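Asker: Need a 3D model of the sequence below.
(chains A and B)
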Amino acid sequence: QQQVKQSPQSLIVQKGGISIINCAYENTAFDYFPWYQQFPGKGPALLIAIRPDVSEKKEGRFTISFNKSAKQFSLHIMDSQPGDSATYFCAGLNAGNMLTFGGGTRLMVKP
Amino acid sequence: KAGVTQTPRYLIKTRGQQVTLSCSPISGHRSVSWYQQTPGQGLQFLFEYFSETQRNKGNFPGRFSGRQFSNSRSEMNVSTLELGDSALYLCASSLMSGSYNEQFFGPGTRLTVL
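Answerer: As a prediction, the model looks like this:
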């Protein structure tokens, strides 16, 4: 049972544009929502994370928007750069320290 | 601070063999979790260890096992390897176990089963 649904599966954005990745979850036991960035041949790197009692969190060019009532959250990458080209994963963390990941979004930023 | 390290980085085994993977967490981190990443199933939780005790286990057969040592280093073992076990095995460490704990991943061990 997929508990975190992520879309789109792939995304192409021009340099300087805004990349938007969406996630929806079903499990209300999640209490922390991180986003990970993964480059080929590397492990996922923690990018930014949010608690469900916060509606938005911004770190540099990366912003998470969180809608608890809709059980949805999204990642916005402002001023997207070719170096941002990677696979992005959203996830939900429960009190058991178990991450449940979305299916991933392959982002390509064209110069 | 050094990150999470995993050894070996690459492994090639044949069906029926067993394999042991190793993970050293970030210094001071006491929780180690293991994940399997495949193109078809994505990232899936295997198990978590905290203070040498397995606290949680994902939906994987008993062929997958692990342990944690007193220095928080962890090992994962897969017995009777199957072709479908070919995957990137990732280890993640966090300071504690439970809510709001940020997990940091290692580079992974790429296991190929022939």
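
Asker: Can you give me the pLDDT of the residue positioned nearest the centre of chain B?
Answerer: Closest residue to the average C-alpha location of chain B: B:Trp34 at 3.1 Å, with C-alpha atoms, centre = their mean. pLDDT, B:Trp34: 98.

Asker: do the same with the one 10 residues further on
Answerer: As predicted, B:Gln44 sits at a pLDDT of 96.

Asker: List the contacts of it.
Answerer: Applying C-beta atoms under 8 Å, 6 or more residues apart in numbering or on different chains to B:Gln44 gives the contacts A:Phe101, B:Tyr35, B:Gln36, B:Gln37, B:Thr38, B:Gly58, B:Asn59, B:Phe60. Backbone N, C-alpha and C define where each C-beta goes, glycine included.

Asker: In space, what's closest to the second one - neighbours in sequence excluded?
Answerer: Same thing as B:Tyr35. B:Leu90 (4.5 Å; C-beta to C-beta, 6 or more residues apart in numbering or on different chains).

Asker: Can you report how many residues lie near the one you found?
Answerer: Using other C-beta atoms under 10 Å in any protein chain shown, B:Leu90 is surrounded by 25 other residues.

Asker: now swap in B:Gly62 and tell me
Answerer: B:Gly62 has 7 nearby residues by other C-beta under 10 Å.

Asker: I figured A:Ile48 hits A:Ile64, correct?
Answerer: Yes: contact criterion C-beta atoms under 8 Å: A:Ile48 and A:Ile64 qualify, at 5.7 Å.

Asker: ok, those two, which is more surrounded?
Answerer: Using other C-beta under 10 Å as the criterion, A:Ile48 and A:Ile64 rank with A:Ile64 on top: 23 against 17.

Asker: do the helix or strand hosting the more buried one and chain B meet?
Answerer: Per DSSP states H and E: A:Ile64 is located in strand A:62-67. No: Strand A:62-67 does not reach chain B (C-beta under 8 Å from any C-beta of the partner chain); its nearest approach is 13.9 Å.
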